[in-house]
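In: Okay, predicted coordinates and the sequence, questions at the end:
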Amino acid sequence: MASISAEEAAQHLQEAVAIMARLRAPNGCPWDREQTFDTIKQHTLEETYEVFDAIERRAWPDLKDELGDLLLQVLFYAQMASEAGYFTISDVAANLNAKLIRRHPHIFGEVEATDADAVLRNWEQIKRAEKKASGANHDSILDEVPRSMPAVLEAGKLGSKAAKVGFDWPNVEGLFDKLQEEITELKAELSPNAEKNSIAVEEELGDLLFTVVNLARHLKIDPESALRATNAKFRRRFRSMESAAGGSEALAASTPAELEERWNQAKKNVSESQSS
């Protein structure tokens, strides 16, 4: 297993901080100097997803590079904050160190935690105490969930927060019942006799998606990972269809029955290729 001393890691990080400061200096890189918190934030989201993708592909050399790109975002924000007098990269690291020690009393203190669930309970209790001590005022426990999160992640977090006060389905069976209820309500909005209301249809579809996300939470499955896996599977099967047809144009000329037959064959071909 690769290992590195704390001194060597500190040296590399110190050099990275110095490089970032040089890029932002008056005689530094014109592009880097023009950036602001708002112009950089979209890059942060992109780099996060690229880290996610590298992990899913088990592409460890790529992950090394993507983590470096993600670290660059941290250095960028910290450098801009330092220039504005908000805080420094040293403050960021010190704050993180203190938080890690504070929230792991079973390691650095006298609290006992024999399993991961106990660790999470301690973490949440400490987190709430920290927020109360800092004067953070949330009218609702749901205010702790950022509205800017991707919708799937936000839905899961909202359901998880509500569950902490007992507002949750008692079991998976109840969620399947709710799922069927939401499907029925959506179909009712789409029925020929229903008054055409796109807002109502969107709302019912949203309710259905929210229920699916919370079903994933009960099953202890990350819905984002599950959907990404299905997306990847769809890509493989669709490419197989295109290849068998001789290209997308030829595929577009297929009849619905031919498309169904090609899809079934693609499912078989892709399944066989993965098992071989």
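Out: Arrived safely. Numbers count the residues shown, from 1 in each chain.

In: Number of residues surrounding the nearest residue to Ala194 once chain neighbours are set aside?
Out: By the measure of CB to CB, 6 or more residues apart in numbering, the closest residue to Ala194 outside its immediate chain neighbours is Ala188, 6.2 Å from it. Where C-beta positions appear, they are placed from N, C-alpha and C, glycine not excepted. Using other CB atoms under 10 Å, the number of residues around Ala188 comes to 12.

In: now do Glu112
Out: For Glu112, the tally of surrounding residues (other CB under 10 Å) stands at 9.

In: What secondary structure category should be reported for it?
Out: Of the three states, Glu112 takes coil according to DSSP: H, G, I helix; E, B strand; the rest coil.

In: Just checking, which helix or strand succeeds the helix of greatest length in the chain along the chain?
Out: If each helix of the chain is counted by residues according to DSSP state H, the longest one is helix 60-84. Stepping forward along the backbone from helix 60-84, the first helix or strand reached (DSSP states H and E) is helix 89-102.

In: got the angle for that following helix vs helix 60-84?
Out: In terms of direction (axes from the mean of the first three to the mean of the last three CA atoms, to 10 degrees), helix 89-102 departs from helix 60-84 by 120 degrees.

In: buried ones in helix 89-102?
Out: Going by neighbour count (16 or more other CB atoms under 10 Å), the buried part of helix 89-102 is Ile89, Val92.

In: ok now it, how far from the chain's centre?
Out: The chain centre lies 23 Å from the centre of helix 89-102; the measure is CA atoms, centre = their mean, to the nearest Å.

In: Any chance you could list what contacts it?
Out: Applying CB atoms under 8 Å, 6 or more residues apart in numbering, the contact partners of helix 89-102 are Val17, Val74, Leu75, Ala78, Gln79, Ser82, Phe108, Ile126, Glu130.

In: quick one: contacts for the closest residue to the fifth one other than its chain neighbours?
Out: Counting by CB to CB, 6+ apart, Met20 is the residue found nearest to Gln79 once chain neighbours are left out, at 4.8 Å. With contact set as CB under 8 Å, 6+ apart, Met20 has these partners: Leu72, Leu75, Phe76, Ala78, Gln79.

In: After the helix or strand hosting Met20, which helix or strand is next?
Out: Using DSSP H and E, Met20 sits in helix 6-24. Of the helices and strands lying after helix 6-24 in sequence (DSSP H and E), the nearest is helix 30-34.

In: Between helix 60-84 and the helix or strand following that next one, find me the angle.
Out: Next in sequence after helix 30-34, counting helices and strands by DSSP H and E, comes helix 37-56. When the same axes, to 10 degrees is applied, the directions of helix 37-56 and helix 60-84 differ by 160 degrees.

In: Show me what helix 37-56 packs onto, helices and strands only.
Out: helix 60-84 (3 or more CB pairs under 8 Å, 6 or more residues apart in numbering; DSSP states H and E).

In: Specify the local secondary structure of Ile199.
Out: For Ile199, the secondary-structure state derived from three-state DSSP is helix.

In: With the one 3 residues further on instead?
Out: Per three-state DSSP, the local secondary structure of Glu202 is helix.

In: That one: neighbouring residues, count only.
Out: The burial count assigned to Glu202 is 11, neighbours taken as other CB under 10 Å.

In: That one: what's it in contact with?
Out: Glu202 touches nothing, counting by CB under 8 Å, 6+ apart.

In: State the distance from it to Leu208.
Out: The gap separating Glu202 from Leu208 is 11 Å, by CB to CB, to the nearest Å.

In: Equivalent analysis for Gln180, please.
Out: Between Gln180 and Leu208 the distance is 10 Å, computed by CB to CB.

In: Looking at the two, which has the bigger crowd around it?
Out: With neighbours defined as other CB under 10 Å, Gln180 and Leu208 compare such that Leu208 has more, 17 against 11.

In: What strand or helix carries that one?
Out: When elements are assigned from DSSP H and E, Leu208 belongs to helix 198-218.

In: Just the pLDDT for the nearest residue to Asp32 once chain neighbours are set aside.
Out: Once its chain neighbours are removed from consideration, Asp32 has its nearest residue in Leu23; the separation is 4.1 Å (CB to CB, 6+ apart). The model reports Leu23 with a pLDDT of 98.
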